[in-house]
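Chemist: Next comes the sequence, and after it the predicted model I'd like to discuss.
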Amino acid sequence: NAGVTQTPKFRILKIGQSMTLQCTQDMNHNYMYWYRQDPGMGLKLIYYSVGAGITDKGEVPNGYNVSRSTTEDFPLRLELAAPSQTSVYFCASSYTGWDGYTFGSGTRLTVV
Amino acid sequence: AQTVTQSQPEMSVQEAETVTLSCTYDTSESDYYLFWYKQPPSRQMILVIRQEAYKQQNATENRFSVNFQKAAKSFSLKISDSQLGDAAMYFCAYRSSPNSGNTPLVFGKGTRLSVIA
């Protein structure tokens, strides 16, 4: 049982480049989330989805886009990368709206 | 919006001793869920314990227990018989009841716990 799989684990981007962070879960979870973790700031919600075809903005959505075409996949797109997007990104999922999350192992992104 | 406050950025404990990590939250809701997550140096987020607000009994998982004070909006984590493997960042998190809509987890800023051999 793979759980939540995030790729890549590490990435360095140049300012202005774009990339997609991949997230896949094999637990048939309806709910999926993207958070970013900055030192001393905890985790802040970027986007989330309650099912295929449905996405909603979180606390810090600017500079990011998501899609949810299938239950399993929830990719996060960064357009025109900026140094402020240097962070660790976590994808997570839950089966219901009151469960805790299952997290992926995170992606460390550096924008230079 | 709900907020979660962890007032101790860093804590330390001697191996085999007990330590308590503090967490307070702000909400006007009566039904919600509270969580503690552990993040070791590997970066993986691991669920430690979960508490439903409607349950008066404090949750317990082996050496981990909580002191849930609903009126005070306090949710502290007690780690007994601390082990070197308990060294990690610990995050407190809040989640509204689904009856309030689809609200994701709100996290505190974390407490870094060091365990001294």
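Modeler: That came in fine, so what should we check first? None of the values given here were measured: they were computed from a predicted structure.

Chemist: right, and B:E10 touches B:S114 too?
Modeler: Yes: assessed by CB atoms under 8 Å, B:E10 is found in contact with B:S114 at 7.2 Å. (Each C-beta comes from the backbone N, C-alpha and C, glycine too.)

Chemist: interface residues of chain A facing chain B?
Modeler: Contact residues (CB under 8 Å from any CB of the partner chain) of chain A with chain B: A:31, A:33, A:35, A:40-45, A:48, A:50, A:56, A:58, A:88, A:90, A:92, A:96-98, A:100-101, A:103, A:105-106, A:108.

Chemist: count of residues packed around B:Q51?
Modeler: 19 (other CB atoms under 10 Å in any protein chain shown).

Chemist: Point me to the helix or strand that includes the residue nearest the centre of chain B.
Modeler: A centroid search over chain B (CA atoms, centre = their mean) returns B:W36, at 3.2 Å, as the residue closest to the centre. Element membership for B:W36 (DSSP states H and E) is strand B:32-39.

Chemist: Which elements pack onto that strand?
Modeler: Applying 3 or more CB pairs under 8 Å, 6 or more residues apart in numbering or on different chains; DSSP states H and E, one finds that strand B:32-39 makes contact with strand B:46-52, strand B:64-69, strand B:74-79, strand B:88-96.

Chemist: Skipping adjacent residues, who's closest to B:T3 in space?
Modeler: In space, not counting the residues next to it along the chain, B:T3 is nearest to B:D26; the distance is 4.7 Å by CB to CB, 6 or more residues apart in numbering or on different chains.

Chemist: measure that neighbour to B:K73 for me?
Modeler: Taking CB to CB, to the nearest Å as the measure, B:D26 falls 7 Å from B:K73.

Chemist: Neighbour count for the two, which is higher?
Modeler: Higher neighbour count among B:D26 and B:K73: B:K73, with 17 against 12, using other CB under 10 Å.
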